[in-house]
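*Asks:* structure for this input, please:
(chains A, B, C and D)
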Number of protein chains: 2
Amino acid sequence: MSRKSASVRRDEILAATVEEIESTGLRTLRVADVAARLGLSPSLVIYHFVTKEALVAAAFAHAGENDLYRARRLAATQKPASQRLRDVVQWYMPTGSTRSWKIWIDGWSAGLFDDGVKSTFSTLDREWKTILSELIVAGLEAEEFRFSHGRMATEASAHEPTGTTVAELADDCATRILAYLDGLAVQLIFNPESVSPQTLSAWVDAFVARELE
Amino acid sequence: MSRKSASVRRDEILAATVEEIESTGLRTLRVADVAARLGLSPSLVIYHFVTKEALVAAAFAHAGENDLYRARRLAATQKPASQRLRDVVQWYMPTGSTRSWKIWIDGWSAGLFDDGVKSTFSTLDREWKTILSELIVAGLEAEEFRFSHGRMATEASAHEPTGTTVAELADDCATRILAYLDGLAVQLIFNPESVSPQTLSAWVDAFVARELE
DNA sequence: GGTTTTACTGAATCGCTGTTCAGTTAGGTT
DNA sequence: AACCTAACTGAACAGCGATTCAGTAAAACC
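*Replies:* Residues are numbered from 1 along each chain as shown, chains lettered A, B, ... in the order given. Below you'll find the model as predicted:
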């Protein structure tokens, strides 16, 4: 039987775990199933990850970093910032990409009461925000768009005590965009009849356009 | 020991189940804990609900109907429609209300792979949409606001094959608002630093104002 | 080629928790 | 007051699935 170095095996196992979660859910995830998917013994999985809980936490981090990697590549193109922003948003979107979505909803649920998973998600989320935020700043500097007006004047300065740096505004803007995307993903799962992928895509474009005109 | 009629007990148990899910999560929910919370035997819980799975499904439906009940009361006031819309949205919001939120994220996760739960969530979601949608239509008729312009002209007619009834537009609008709220709730859980309740409230107001000017 | 390291397995364990079931008793009915 | 229905319990069962552990054999190292 072929043996592999620890790091390679670990990656294989993580990938298998992600697939398993994606296809049958965290709920019914068994170590044995992950092992079976690779034709290995359950003991080996525990050998590498010590505990199921740790395996799951690592799997989420793995999947998250994967998605981020692709997003960063999309963000590092030579295209204009506004186009790169669209590309990244499209990749994040629950439709039209290979990006897994169910796993994140399961992840949110796991993060509710597991501090390890929760902090993983916090940092992943911050990284996404950074990517978007930087693209927004780039677009502003290139004068491809600017912050829509009502935003800055009304809400921001009136209610928020936070400073008004461009970076901070961009960060808030990114937060709103990601929130909208997450919410639409949930809608897509529970009411696929009421939102087609195209509709959804149009809505997102409109949202972004309204934030950055 | 005091005995109660089946329906009363059932309600008590459902309430206890909801509390338990809210406080420790679906993940670690044990029938015994639910029973302990009421000083009852685990057997009784099964006696009334036959299976744990059924108990959980019933608990979600119960919690959902509860929230809807309150929302409907807020929607049936004598206030102007725009105000009622705000009230309902405020109640749905992850901040400033007693409405439980963690339970819904757990619920989404459960619904991913459990068709029973999934359909419960679909209908609950549709009911929320109906409430909002009707308020929107009422507000339009009273000329308290109208659909923001870019919306109707650009996205709706250009991309969507769906009809352009006022009711349909209102429904779509409700969908977007609910999606945004759901997404913000997730943000609030994983990055409470980046969004204060007030900020969030302001963002939602802005979103609604931008949909209905 | 021998030795050490380390990936890997199979079988056994063991705790946990949903469910069963035979029996008990409260409370309404007549 | 006898009775009957239905709420309720406690103890046992049963199965699942994570983890353990003693042992095997590939590689890597010398």
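*Asks:* lowest-pLDDT helix or strand in chain A?
*Replies:* Least confident helix or strand of chain A, by mean pLDDT, DSSP states H and E, is helix A:157-159 with a mean of 51.
*Asks:* host element of the closest residue to DNA strand C within chain A?
*Replies:* Residue of chain A nearest DNA strand C, by CB to the nearest atom of the strand: A:Ser43 (3.0 Å). Just so you know, the C-beta spots here come from the backbone N, C-alpha and C atoms, and that holds for glycine as well. Per DSSP states H and E: A:Ser43 is located in helix A:42-49.
*Asks:* so is that helix next to DNA strand D?
*Replies:* Yes: against DNA strand D, helix A:42-49 shows contacts by CB under 7 Å from any atom of the strand at A:Pro42, A:Ser43, A:Ile46, A:Tyr47.
*Asks:* which parts of chain A are helices?
*Replies:* A:6-24, A:31-38, A:42-49, A:52-75, A:81-92, A:102-113, A:115-141, A:149-150, A:157-159, A:166-190, A:197-211 (DSSP state H).
*Asks:* the third one vs helix A:31-38, what angle?
*Replies:* The directions of helix A:42-49 and helix A:31-38 differ by 100 degrees, with axes from the mean of the first three to the mean of the last three CA atoms, to 10 degrees as the criterion.
*Asks:* pLDDT on helix A:42-49, on average?
*Replies:* Taken as a whole, helix A:42-49 has a mean pLDDT of 98.
*Asks:* report how many residues lie close to the residue nearest to A:Ala185 when sequence neighbours are not counted.
*Replies:* The shortest distance from A:Ala185 to any non-neighbouring residue, by CB to CB, 6 or more residues apart in numbering or on different chains, is to A:Pro94 (3.8 Å). Around A:Pro94 there are 21 other residues, counting by other CB atoms under 10 Å in any protein chain shown.
*Asks:* for A:Pro94, give its distance to chain B.
*Replies:* Remark: distance between A:Pro94 and chain B (CB to the nearest CB, to the nearest Å) = 11 Å.
*Asks:* what's the local residue count around the residue of chain A closest to DNA strand C?
*Replies:* A:Ser43 is flanked by 10 other residues according to other CB under 10 Å.
*Asks:* what's the answer for A:Glu141, then?
*Replies:* Each residue near A:Glu141 was counted by other CB under 10 Å, and the total is 10.
*Asks:* test my guess that the residue nearest to A:Ala185 contacts A:Leu188.
*Replies:* Yes: contact criterion CB atoms under 8 Å: A:Pro94 and A:Leu188 qualify, at 5.1 Å.
*Asks:* what touches both of these two?
*Replies:* With contacts taken as CB atoms under 8 Å, 6 or more residues apart in numbering or on different chains, A:Pro94 and A:Leu188 have A:Trp101, A:Leu200 as neighbours in common.
*Asks:* can you list the domains in chain A?
*Replies:* A:1-50, A:64-211 (automatic domain parsing).
*Asks:* identify all contacting residues around stretch A:41-50.
*Replies:* Outside stretch A:41-50, the residues that reach it (CB under 8 Å, 6+ apart) are A:Ala6, A:Arg9, A:Arg10, A:Ile13, A:Val31, A:Ala32, A:Val34, A:Ala35, A:Lys52, A:Leu55, A:Ala58.
*Asks:* and the residues you listed near DNA strand C, which?
*Replies:* A:Ala6, A:Arg9.
*Asks:* before we move on, back to that, what's the per-residue pLDDT of the residue nearest to A:Ala185 here?
*Replies:* Taking A:Pro94 on its own, its pLDDT is 80.
*Asks:* equivalent analysis for A:Ala81, please.
*Replies:* pLDDT recorded at A:Ala81 is 97.
*Asks:* distance of it from B:Ala142?
*Replies:* Separation of A:Ala81 from B:Ala142 (CB to CB, to the nearest Å): 43 Å.
*Asks:* who has more neighbours out of the two?
*Replies:* A:Ala81 (20 against 11).
*Asks:* now do the same contact list for that one.
*Replies:* A:Leu135, A:Ile136, A:Ala138, A:Gly139, A:Ala142, A:Glu144 are the contacts of A:Ala81 under CB under 8 Å, 6+ apart.
*Asks:* any residues of chain A in contact with DNA strand C? List them.
*Replies:* A:1-6, A:9, A:39-44, A:47-48.
*Asks:* try it again with 6 Å
*Replies:* When proximity is defined as CB under 6 Å from any atom of the strand, chain A approaches DNA strand C at A:Met1, A:Arg3, A:Lys4, A:Ser5, A:Ala6, A:Arg9, A:Leu40, A:Ser41, A:Ser43, A:Leu44, A:Tyr47.
*Asks:* of those residues, select the buried ones using a ChimeraX command.
*Replies:* Written as a ChimeraX command, the selection of buried residues from the residues of chain A next to DNA strand C, which uses 16 or more other CB atoms under 10 Å in any protein chain shown, is:
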select /A:9,40
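*Asks:* ok so, going back, closest to chain B out of the contacts of A:Ala81?
*Replies:* Among those, A:Ile136 lies closest to chain B (CB to the nearest CB), at 15.0 Å.
*Asks:* just give me the neighbour total for the nearest residue to the closest one once chain neighbours are set aside.
*Replies:* Excluding its sequence neighbours, the residue lying closest to A:Ile136 (CB to CB, 6+ apart) is A:Ala170, at 4.2 Å. By other CB under 10 Å, 23 other residues sit near A:Ala170.
*Asks:* please look at A:Ala170 and A:Ile131 and confirm they touch.
*Replies:* No: A:Ala170 is not in contact with A:Ile131 according to CB under 8 Å; the separation is 11.1 Å.
*Asks:* and stretch A:205-213, anywhere near chain B?
*Replies:* Yes: using CB under 8 Å from any CB of the partner chain, stretch A:205-213 reaches chain B at A:Asp205, A:Ala206, A:Ala209, A:Arg210.
*Asks:* buried subset of those residues?
*Replies:* Buried, going by 16+ other CB under 10 Å: A:Asp205, A:Ala206, A:Arg210, out of these.
*Asks:* would you mind giving these as JSON lines with pLDDT added?
*Replies:* Shown next, in JSON lines, are those (pLDDT from 0 to 100):
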{"residue": "A:Asp205", "pLDDT": "95"}
{"residue": "A:Ala206", "pLDDT": "95"}
{"residue": "A:Arg210", "pLDDT": "93"}
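*Asks:* of those, closest to A:Leu74?
*Replies:* A:Leu74 lies nearest to A:Asp205 out of these, by CB to CB, at 16.4 Å.
*Asks:* distance of that closest one from A:Thr95?
*Replies:* Separation of A:Asp205 from A:Thr95 (CB to CB): 13 Å.
*Asks:* who's in contact with stretch A:2-21?
*Replies:* Residues outside stretch A:2-21 that contact it (CB under 8 Å, 6+ apart): A:29, A:33-34, A:37-38, A:40, A:44-45, A:48-49, A:55-56, A:58-59, A:62-63, A:100, A:102-103, A:106.
*Asks:* sweet, I'm off.
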